[in-house]
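Undergrad: Return a 3D structure for these sequence lines:
(6 chains)
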Number of protein chains: 4
Amino acid sequence: MADSTGLVRGQLRSLVERIERLEEEKAALGADIREVYGEAKANGFDIKTLRRVVSLRKLDTSQREEEQALLETYLHALGMAGEPVADN
Amino acid sequence: MADSTGLVRGQLRSLVERIERLEEEKAALGADIREVYGEAKANGFDIKTLRRVVSLRKLDTSQREEEQALLETYLHALGMAGEPVADN
Amino acid sequence: MADSTGLVRGQLRSLVERIERLEEEKAALGADIREVYGEAKANGFDIKTLRRVVSLRKLDTSQREEEQALLETYLHALGMAGEPVADN
Amino acid sequence: MADSTGLVRGQLRSLVERIERLEEEKAALGADIREVYGEAKANGFDIKTLRRVVSLRKLDTSQREEEQALLETYLHALGMAGEPVADN
DNA sequence: TCGCCTGATAGTTGCC
DNA sequence: GGCAACTATCAGGCGA
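TA: Numbers count the residues shown, from 1 in each chain, chains lettered A, B, ... in the order given. Here you go, the predicted model:
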């Protein structure tokens, strides 16, 4: 573990606090998301369906990203890498 | 399911977009957290231990919150509620 | 926990053994898979690419399953469920 | 990458199919394991505890294997190898 | 060969 | 109270 000066104590404290702060914000966003679903439900939407729609769109995204990654892997395997394909 | 006017389509779109936006931010925070752990590691801290520390503190917090909630329940039952106990 | 006769001891033992047996077989399959990748490599294939291909195909599958699930969710939400869509 | 004859295509297909088949079986075993845990639960066992037991036994095993390996290393260094120590 | 990083797995939490 | 989604942990593979 890091050297045993009192300095380390301060570093540790700082790190822990930053992490906890970020996790707090993350949890808050989770709560926000749940809230939006709740609002959707109140407006007559079926939450399960809504979740599936979101999930499906996410799958689409991963699919596209995977295809891109596959292409780059091919290029790399063929020794043709290096910022190979512009995104536009 | 919500009424089938075109309005619903707009609502749905809006909901999905809000959710996706929030999930994006949430994911970004996850990345930030990972980054902090990385920084910790670079400073010689053991990530696994650090995680344990954070997790333990979280447990402590929820225990304290639970006890706090119980206390407030008692106070409320006694007709003595209202920002009853400062945390410091 | 379950009643304290000696019987329970036997049940427990049996459960643990079944689980351990299954996990062993599972680990063996993991080894087999690694072996196939190794064979692929020996035949000149790029493992990373191969993994991506497999992963991409898996994504395709999930995508299709998700779409099917979404459809069923819609049908259910509309009160039209019950073995709604044959797979053949 | 492997040579570009049509043969490669067949090899690739075969490899992917073998991998997918194995992964399928692996997933099936995972399902079996979950099923056993479910059965355990139905018989009044606490799943979390049960998992811990299995995990501990696994640790024991690897520790014992490690010790065994160390012992064999010593024996080998002393020119005394060959099925040296029975497990019972 | 070692360290990093991604993908797999187990545990936890929220929903029904 | 059971089930499913999500998060966090862990192990194996890849690159340096």
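Undergrad: residues from chain A in reach of chain C?
TA: A:46, A:48-49, A:52-53, A:55-56, A:59-60, A:62-63, A:66-67, A:69-70, A:73-74, A:77 (C-beta under 8 Å from any C-beta of the partner chain). From N, CA and C alone the C-beta is placed, and that goes for glycine too.
Undergrad: how many neighbours does residue A:52 have?
TA: The tally of other residues near residue A:52 (other C-beta atoms under 10 Å in any protein chain shown) stands at 19.
Undergrad: just to revisit the earlier point, out of the residues of chain A next to chain C, which end up buried?
TA: Taking 16 or more other C-beta atoms under 10 Å in any protein chain shown as the criterion, what is buried in the residues of chain A next to chain C is A:46, A:49, A:52-53, A:56, A:59, A:66, A:69-70, A:73-74.
Undergrad: can you list the domains in chain A?
TA: A:2-46, A:58-88 (automatic domain parsing).
Undergrad: Can you add mean pLDDT and distance to residue C:38 and give these back as a markdown table?
TA: Output for the domains of chain A, formatted as a markdown table (pLDDT from 0 to 100; distance: least, C-beta to C-beta, whole Å):
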| stretch | mean pLDDT | distance to residue C:38 |
| --- | --- | --- |
| domain A:2-46 | 90 | 40 |
| domain A:58-88 | 80 | 17 |
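Undergrad: I'd like to know which of those domains lies nearest to residue B:16.
TA: Closest to residue B:16 of the domains of chain A is domain A:2-46 (C-beta to C-beta; 9.2 Å).
Undergrad: does DNA strand E sit close to that closest one?
TA: Yes. For domain A:2-46, a contact with DNA strand E is found by C-beta under 7 Å from any atom of the strand, at A:34, A:37.
Undergrad: my guess is residue A:36 contacts residue B:22, does it?
TA: Yes. Residue A:36 is within contact range of residue B:22, at 6.9 Å (criterion: C-beta atoms under 8 Å).
Undergrad: Around chain D, pick out the residues from chain A.
TA: Chain A has residues A:74, A:77-78 near chain D, with proximity defined as C-beta under 8 Å from any C-beta.
Undergrad: Could you look up the SS state of the residue most central in space within chain A?
TA: Central residue of chain A (C-alpha atoms, centre = their mean): residue A:26, 10.7 Å from the mean position. Three-state call for residue A:26 (DSSP: H, G, I helix; E, B strand; the rest coil): helix.
Undergrad: That one and chain D: what is the separation?
TA: 25 Å (C-beta to the nearest C-beta, to the nearest Å).
Undergrad: That residue - nearest residue in space that isn't next to it in sequence?
TA: residue B:29 (4.3 Å; C-beta to C-beta, 6 or more residues apart in numbering or on different chains).
Undergrad: ok so, going back, the residue nearest to the centre of chain A against residue B:28, yeah?
TA: No. With contact defined as C-beta under 8 Å, residue A:26 does not reach residue B:28; the gap is 9.3 Å.
Undergrad: Quickly note the distance from residue A:26 to residue A:15.
TA: 16 Å (C-beta to C-beta, to the nearest Å).
Undergrad: And residue A:24, by the same measure?
TA: 15 Å.
Undergrad: Which one's more surrounded, the two?
TA: With neighbours defined as other C-beta under 10 Å, residue A:24 and residue A:15 compare such that residue A:15 has more, 19 against 11.
Undergrad: What residues does that one make contact with?
TA: B:36, B:39-40, B:43, B:45, B:50 (C-beta atoms under 8 Å, 6 or more residues apart in numbering or on different chains).
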